[in-house]
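# next one to model:
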Amino acid sequence: MIKRVVAYGCSHAWGSEMSGRFNDTGNREFVFGNLVAKHYGVPFHRVAQPGNSNEGMLHQVIEHCEEGDLSIFSGTQLRRSVYHPMSGNDPIGPQTISQYEAGVICAENNAKLPWWLAIKNINQMKDVFAKQEVKHKLLEHRNDPHVPTMAEYFIGYRWEFLPLFIDYLKFYASWNAIAYSRGSYPVNFISFESRTKLRNMLNLEKVAGSISSHVGKGPHFRNAREDQYYTNERMPHTLNTSKHYLDWLNDPTRICKGDICLLGWVLQQQGLDPDKFPDNRMGHVGKEQQPLIADEIIKRCEELGYE
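Next up is the predicted model:
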């Protein structure tokens with residue numbers, strides 16, 4: 001029996017830009033997790049955090065998952081990771097890092113950025129971070145001596161598809177296993193990722209992420225394009241036929257809309273461009289789209305026999 005609804009994920013599950021560009025008004029009230037909780041008449045617990053990573057979600061599942069939870073796992077961008085910063089000699093605890101925070105810090109330290117991040121407007125990202133209600137720990141500790149080095153390392157290595165996807169499969173399997181072991185009811189979907197990566201996840205015989213020339217300082221700066229492909233010979237140990245992959249592909253708890261993320265599919269159902277966020281938002285859907293997301297989650301719960 002469902003006792004409460006718990007939402008894990010990033011800003012999409014948290015409710016960023018709910019009422020417009022940079023406007024988080026009403027984010028907890030209208031976000032899909034709360035709408036699902038209202039449907040079942042149970043409390044809503046929002047663990048999701050803006051900028052969170054799939055690995056960060058795993059840390060949170062370990063801490064928060066309980067018997068009777070409807071655990072909504074809203075997967076996020078593959079590139080995001082977790083680091084363990086220090087404040088002096090004191091550990092702060094695991095924090096998520098994405099290409100955006102790392103890119104801002106690299107730019108502030110005049111490090112050369114790879115092509116896939118150089119096209120981002122770093123000044124615009126600074127403006128976004130300044131307006132966010134939830135602040136990123138990495139930026140708060142940008143003056144710690146180790147942070148620029150760590151950010152540069154991250155930018156250099158967290159880009160190639162296959163290792164990132166393998167990491168995602170591990171986190172996915174782990175948070176599902178924890179949910180089942182504690183008597184929780186999991187539902188999964190990828191809230192936000194590019195069509196290229198989603199297409200690659202579903203068709204591993206042609207997987208993006210080939211390597212071309214190096215740019216910048218050091219071998220970790222690579223100029224990689226997402227529309228290039230691995231050959232079958234480069235596939236690691238036939239991942240596309242492994243139980244690890246097939247369990248994810250056939251998992252009944254996973255809501256899949258093909259090569260489009262759930263949020264993009266919802267926009268498409270409303271006659272909007274699935275590749276553009278509405279009303280000039282920086283990167284999120286609004287409260288008008290939340291009921292459709294909640295309906296898809298409730299529909300899957302009914303199919304799974306959750307009640």
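
# Q269 contacts P291, correct?
No: using C-beta atoms under 8 Å as the test, Q269 is too far from P291 to be in contact (11.1 Å). (Glycine included, C-beta is placed from N, CA and C.)

# need the contact partners of stretch 31-41.
Residues outside stretch 31-41 that contact it (C-beta atoms under 8 Å, 6 or more residues apart in numbering): 2, 4-7, 13-15, 18, 28, 43-44, 46, 48, 70, 72, 290-291, 293-294, 297-298, 301.

# ok, and the closest non-adjacent residue to R281?
For R281, ignoring the flanking residues on the chain, the nearest one in space by C-beta to C-beta, 6 or more residues apart in numbering is E17 at 4.6 Å.

# helix, strand or coil for the one you found?
E17 falls in the coil class when you classify it by DSSP: H, G, I helix; E, B strand; the rest coil.

# report how many residues lie close to it.
27 (other C-beta atoms under 10 Å).

# now swap in N250 and tell me
When neighbours are counted by other C-beta under 10 Å, N250 registers 8.

# could you report the pLDDT at it?
Per-residue confidence (pLDDT) for N250: 90.

# how about the one 4 residues further on?
At R254, the predicted lDDT confidence score is 94.

# do I have it right that M18 meets D24?
Yes: when contacts are counted by C-beta under 8 Å, M18 is listed as touching D24 (5.8 Å).

# mind giving me the domain ranges of the chain?
4-79+162-200+237-304, 86-157 (automatic domain parsing).

# tell me which of these sits most buried.
Here the criterion is mean neighbour count by mean count of other C-beta atoms under 10 Å, and of the domains of the chain the winner is domain 4-79+162-200+237-304, at a mean of 19.

# that one: end-to-end distance?
Start-to-end span of domain 4-79+162-200+237-304 (C-alpha to C-alpha, to the nearest Å) is 17 Å.

# how near is the residue positioned nearest the centre of the chain to V47?
The residue lying closest to the centre of the chain (C-alpha atoms, centre = their mean) is T76, at 1.3 Å. T76 is 13 Å from V47, where distance means C-beta to C-beta, to the nearest Å.

# could you tell me the least trusted of the domains of the chain?
domain 86-157 (a mean of 69).

# tell me which element W248 falls in.
helix 243-249 (DSSP states H and E).

# so what touches the longest helix belonging to the chain?
Longest helix of the chain, by residue count under DSSP state H: helix 161-181. Here helix 161-181 makes contact (C-beta under 8 Å, 6+ apart) with 8, 54-55, 57-58, 61-62, 65, 69, 71, 73, 75, 78-79, 158, 184-186, 188, 197, 200-201, 207-209, 226, 230, 236, 239, 244-245, 247-248, 251, 253.

# equivalent analysis for stretch 253-270, please.
Here stretch 253-270 makes contact (C-beta under 8 Å, 6+ apart) with 12, 176, 186-193, 195, 198-199, 202, 248, 273-278, 285, 288-289, 292-293, 296-297, 300, 304.

# much appreciated, bye for now.
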